[in-house]
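>>> I'd like to go over a predicted model; first the sequence, then the structure.
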Amino acid sequence: MPHLNDLFRTALRMTGERGQAEDVIQEVYLQAWRSFENFEPGTNCRAWLYKILFHCVSHHRRKWFRFPLLKEKAEFLEANLVQPDSVSEHVTDSEILKALDEIPAEFRSVVLLADVEEFAYKEIAEILSIPIGTVMSRLSRGRALLRKRLVQVARSYGIGKSVQGDK
């Protein structure tokens with residue numbers, strides 16, 4: 001199963017839960033197998049699989065919002081509240097990933113595909129079925145949102161108190 005690790009990592013970032021990411025990845029490869037006759041030899045297999053991935057994530061999101069598994073109950077919230085970690089000396093990968101998770105999904109998708117998976121704008125446009133101008137706009141706005149959140153994280157550690165260009 002080519003590109004499994006990359007696809008799973010992206011699915012996990014998009015869904016936020018390992019079980020949901022596993023379900024989505026299973027669906028991606030099932031759909032790829034079912035529609036393999038539509039794959040054009042000589043084209044980018046990785047981009048084709050990512051297009052299927054984003055379609056499956058979108059489909060699963062609609063299903064998850066229609067059938068919520070848990071209601072917000074006091075017992076559930078009390079049992080699952082996490083005590084904040086103590087402040088470390090340096091910004092960690094988890095904080096960067098948390099900042100990425102906090103930006104809206106349409107921006108996060110483009111940032112992940114461009115900056116993490118290193119797809120070209122044209123490939124991202126094909127994967128997400130959006131115009132290339134929209135890719136560039138969302139990437140710019142997504143990076144700006146991510147930068148803003150990371151500045152806030154850095155400031156909480158006393159880093160960059162006088163960062164220029166931040167308002």
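Okay, I see it. Residues are numbered from 1 along each chain as shown.
>>> Show me the domain layout of this structure.
Domain ranges of the chain: 1-71, 79-161, per automatic domain parsing.
>>> Can I get those in a markdown table including mean neighbour count?
(Each C-beta comes from the backbone N, C-alpha and C, glycine too.) Converted to a markdown table, the domains of the chain look like this (neighbours: other C-beta atoms under 10 Å):
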| stretch | mean neighbour count |
| --- | --- |
| domain 1-71 | 15 |
| domain 79-161 | 15 |
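>>> Dump these into CSV; add mean pLDDT as well.
Converted to CSV, these look like this (pLDDT from 0 to 100):
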stretch, mean pLDDT
domain 1-71, 81
domain 79-161, 80
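>>> what's stretch 123-142 in contact with?
With contact meaning C-beta atoms under 8 Å, 6 or more residues apart in numbering, stretch 123-142 is reached by 44, 47, 50-51, 54, 103, 106-111, 113-114, 119, 121-122.
>>> Identify the spatial nearest neighbour of F8, chain neighbours not counted.
Nearest non-adjacent residue to F8, counting by C-beta to C-beta, 6 or more residues apart in numbering: I25, 5.2 Å away.
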